[in-house]
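S.K.: Provide a 3D model corresponding to the input given below.
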Amino acid sequence: MWFCVRGRRKNRKQSRLPSRARGLFDCSCVLQIEEEMSGIQEALKTIRNSIPKSVRLVAVSKTKPASAVLAAYDAGQRVFGENYVQELVDKAPVLPKDIQWHFIGHLQSNKAKSIVEIPNLQCVESVDREKVADALQKACEKANRPLLDVMIQVNTSGEDTKSGCDPSHAENLVRHVLDTCPALRVKGLMTIGSPNPSPPNRDFELLRTLRNQCQVTFAGRVCDLELSMGMSHDFVLAIENGSTNVRVGSSIFGNRVYTESSNTSSSDSDHFSSNVPAN
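M.R.: Okay, the predicted model is just below:
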């Protein structure tokens, strides 16, 4: 089920690039950027109106410029997701400080320090092994930063091309974070659904089952664990299956254009394989 909201509409009100952003671009690009901003803001409004207020919308701005993030920000969006470490490191300092960043890509342990140093990093949704949890813990201690929310990423589909721990290991990974990583707070579980979902969705059902088991096993140590599941192609189905956190990118920002630099950086934090629909 694909949820398409990005269509051009004639006679819609043209958005204007904020004055704080105009200096970042060549004048010849401003009109094009402002047209793109209108599309982003319209798409964002449509998606917001389609999901319950209790569900967090993470706008995934992977490969998109800071101007695109600002367009969504000026439409009221505050939670954004990035897949690539370097993109997050580059964007965060030049964008509003009240943005709440979620890192959702595959994370190498040696990159933990780079993202932890971002003051408004709110959550790392892709902790899939003890080594990454330990690296985040160490980086948080050194940075003396407040408690960092994390989610345990589970490979519910069993595809080799996807990151995430084995479902049978999810509970042990939660236990490891609770027992040995006091600077981290387990916020919930995350998964990437199969590329062609249809009810009933095994991936979403499995993650929900794992979440319920963890709630029982760690009663008193975790509070209302969240479910991060659902992207542009399946977020409606994910919400029907109990998702509290959806990661939507292309339906808001349009199709991505991958540059040589983004392809290079994908080796350290690739959220999904080429055969999986974009966020």
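
S.K.: Only C-alpha atoms from now on, for both contacts and neighbour counts.
M.R.: OK.

S.K.: so what's the nearest residue to Ile192 once chain neighbours are set aside up against?
M.R.: Excluding the flanking residues, the one nearest Ile192 by CA to CA, 6 or more residues apart in numbering is Met229, at 6.3 Å. Residues in contact with Met229 (CA atoms under 8 Å, 6 or more residues apart in numbering) are Met190, Thr191, Ile192, Gly193, Phe204, Phe235, Ala238, Ser243, Thr244, Asn245, Val246, Arg247.

S.K.: So what does Met229 have for phi and psi?
M.R.: Met229 adopts backbone torsions of phi -160, psi 140, taken as degrees, to the nearest 10.

S.K.: what's the answer for Val55, then?
M.R.: phi -100, psi 130.

S.K.: Got the confidence number for Val116?
M.R.: Note on Val116: pLDDT of 98.

S.K.: Let me see the ranges of the helices in the stretch 51-200 of the chain.
M.R.: With helices called from DSSP state H, counting those that start in this stretch, the stretch 51-200 of the chain shows them at 66-74, 85-91, 112-116, 130-143, 170-180.

S.K.: what's the closest of these to Ile252?
M.R.: Of all those, helix 66-74 sits nearest to Ile252, with 8.5 Å by CA to CA.

S.K.: With only the CA atoms kept, save that closest one in PDB.
M.R.: Provided in PDB are the C-alpha atoms of helix 66-74 (Å, rounded to 0.1, in the frame of the first residue of the first chain):
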ATOM      1  CA  ALA A  66      18.900  22.200   4.900                       C
ATOM      2  CA  SER A  67      16.300  24.300   2.900                       C
ATOM      3  CA  ALA A  68      14.000  21.300   2.700                       C
ATOM      4  CA  VAL A  69      14.300  20.700   6.500                       C
ATOM      5  CA  LEU A  70      13.500  24.400   7.000                       C
ATOM      6  CA  ALA A  71      10.400  24.200   4.900                       C
ATOM      7  CA  ALA A  72       9.100  21.400   7.000                       C
ATOM      8  CA  TYR A  73      10.200  23.200  10.200                       C
ATOM      9  CA  ASP A  74       8.300  26.400   9.200                       C
END
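
S.K.: mind checking how far Leu121 is from Ala92?
M.R.: 9 Å (CA to CA, to the nearest Å).

S.K.: and if you look at His102?
M.R.: His102 is 11 Å from Ala92, by CA to CA.

S.K.: and if you look at Ile118?
M.R.: 7 Å.

S.K.: Give the burial count for Gly220, as a bare number.
M.R.: Neighbour count of Gly220, defined by other CA atoms under 10 Å: 8.
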